[in-house]
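Peer 1: no FASTA, just this:
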């Protein structure tokens, strides 16, 4: 899928993935935007994801970045790119990406059943908040980390990963005293 797309690609065009009429990218001045199938973003994302699983992290990054660039409102793609930077111990960059993902509203979800869309949106946003918290813990920004986890727990009550991270944070703060 990716190689079929790359061959005829116009160098000065912006390519954007879309799931339908409700999922169109915002126009960019003086730029030709060409809407392509969401399958292309999925292909880039999956290739990056598989390369990570094959322990070929450096090869994965351009594919994750391409998926995010072509579908900038897809918080799932952004979360995975945030994870890439997190595992590279690039805390500030990872924090920035997770923060942006937490503020993103994937328009393609609006095309789904409302209950299912809300469940997915909350899970993804919670994942973003956990990513924010993880990076803030690494930066010893305890209050900010707690606040991010609180946001997660507000939308996904009882999220076990957030609760575990809160326990860890409280232990670290207790040790610092």
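Peer 2: Everything's here; your move. Model, not experiment: these values are computed from the prediction.

Peer 1: Residue 36 and residue 16: what is the separation?
Peer 2: 7 Å (CB to CB, to the nearest Å). C-beta here means a position set from N, CA and C on the backbone, and glycine is covered the same way.

Peer 1: higher neighbour count, those two?
Peer 2: A direct count of neighbours by other CB atoms under 10 Å for residue 36 and residue 16 places residue 16 higher, at 22 against 15.

Peer 1: wait, is that one part of a strand?
Peer 2: Yes: according to DSSP: H, G, I helix; E, B strand; the rest coil, residue 16 belongs to a strand.

Peer 1: beta partners for it?
Peer 2: Residue 16 has these beta-bridge partners by DSSP bridges: residue 35.

Peer 1: Quick check, pLDDT for it.
Peer 2: Looking at residue 16, its pLDDT stands at 86.

Peer 1: can you check the one 4 residues further on too?
Peer 2: pLDDT recorded at residue 20 is 67.

Peer 1: next one: residue 47
Peer 2: Residue 47 is given a pLDDT of 96.

Peer 1: wait, doesn't it sit right on residue 63?
Peer 2: Yes: counting by CB atoms under 8 Å, residue 47 touches residue 63, with 4.5 Å between them.

Peer 1: intersection of neighbour lists for the two?
Peer 2: Overlap of the contact sets of residue 47 and residue 63 (by CB atoms under 8 Å, 6 or more residues apart in numbering) consists of residue 2.

Peer 1: Neighbours of the residue nearest to residue 32 when sequence neighbours are not counted, how many?
Peer 2: Nearest residue to residue 32, sequence neighbours excluded (CB to CB, 6 or more residues apart in numbering): residue 13, at 4.7 Å. Other residues near residue 13 come to 11 when the count uses other CB under 10 Å.

Peer 1: same question, residue 95
Peer 2: 24.

Peer 1: Secondary structure element holding it?
Peer 2: Assigned by DSSP states H and E, residue 95 belongs to helix 91-102.
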